[in-house]
Every structure is written in C-alpha cells, then in structure tokens.
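Undergrad: Predicted model follows, preceded by the sequence.
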Amino acid sequence: MGILPTKEALALAQASQLDLVEVAPNADPPVCRIMDYGKYRYEQTKKEKLAKKHQHLTRIKEIRLRPNIEDHDLQVKQKRARGFLEEGSKVKASVAFRGREHAHREFGQEVLQKLAASVQDVAVVEAEPKMMGRFMTIILAPHKS
C-alpha cells in the first residue's frame, strides 16, 4: 500500500476488521502489515508443534555391570541393551570397580568388549572403553538404518 500515516493505516485495518501489526520496527519508516493477528499466532503455534513432533531426541540408557559378572547375568544385560538399541536409544554400559577390583581393570574391559561384540549386529561402538573415576564406560549407538 506504500507509505501511509499511522492514523490512516489504523483506519484501513479497522475498516477491514483486521489488525495493524508492526513487522519491522527498526526499518525507516517502520513496516506494518494488516492481518488477522489471532489467526497468525494460531498458525505459528501449529507450525511449532509440527516441527517439535518431527524432532528426534536421542536418549542415553545406562546399563551397569560388574567386572566379575556371570555369563547368564551378562546375557540378561545384553538382551536389555539390544532392546534399548532397537528402540533407537544409545546405550552407556558402565563397569563399576570396588576396592581391589581396580587392580584388574582388564576384566572390566573384557566384559565391555563381550557386550559390544554381542550387539554388533544392531549397534556400533561410539566411544571406546575408558575410565571415569571408578567406572569404565563404553557408549553404543544404534546403526543408522
């Protein structure tokens, strides 16, 4: 519509039963638009909800193990990890060391390698085993399929 005085633009908006909305206040002269503001806000929230719906959040599930875990108990943990990975979550497997177990960290690393090998058909190792305090951790991520 071009450059109009504020009162004239407001009168035009009221005549068409719409709102006068300031779009770019820092421009010289300020830019305004005649529109139904309620409808505009409704469409914006609808777009935001749709964008949020299509967003994928990566969850990290944790599985705790011990360095002297028995085979059957390890199989149960492997099955649990496989379920998490098939859901699309990442898995952080931690081996907790207590007391004298710190002297034999290779046992913990062995347990984590067994776990990683058992789920390699559905997961890839994202972070190799490393010590963090009294825990040795490994992060497994699902395949990109």
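TA: Done, it's in. Numbers count the residues shown, from 1 in each chain.
Undergrad: helices or strands up against the helix or strand where Glu110 lies?
TA: Using DSSP states H and E, the element containing Glu110 is helix 105-118. The contact analysis (3 or more CB pairs under 8 Å, 6 or more residues apart in numbering; DSSP states H and E) places helix 105-118 against strand 60-65, helix 71-87, strand 90-96, strand 123-132, strand 135-142. From N, CA and C alone the C-beta is placed, and that goes for glycine too.
Undergrad: what's the angle between the third one and strand 135-142?
TA: In other words, strand 90-96. 160 degrees (axes from the mean of the first three to the mean of the last three CA atoms, to 10 degrees).
Undergrad: What lies in contact with strand 90-96?
TA: Identification of contacts with strand 90-96 by CB atoms under 8 Å, 6 or more residues apart in numbering yields 58-67, 77, 81, 84-85, 108-109, 111-112, 115-116, 119, 123, 126, 134-142.
Undergrad: buried residues in stretch 70-78?
TA: The neighbour-count check on stretch 70-78 (16 or more other CB atoms under 10 Å) flags Leu74, Lys77, Gln78 as buried.
Undergrad: hang on, the first one packs against Leu115?
TA: Yes: under the criterion of CB atoms under 8 Å, Leu74 is in contact with Leu115, at a separation of 7.1 Å.
Undergrad: which residues do these two both contact?
TA: Both Leu74 and Leu115 are contacted by Leu65, under the criterion CB under 8 Å, 6+ apart.
Undergrad: quick one: low-confidence ranges for the protein?
TA: Residue ranges of the chain with pLDDT under 70: 145.
Undergrad: Domains in it, by residue range?
TA: The chain breaks down by automatic domain parsing into domains covering 6-53, 60-142.
Undergrad: Of those, which stretch is the most buried?
TA: Mean neighbours per residue, mean count of other CB atoms under 10 Å, is largest over these for domain 60-142, with a mean of 16.
Undergrad: what's the first-to-last distance across that domain?
TA: This stretch, domain 60-142, spans 11 Å end to end (CA to CA, to the nearest Å).
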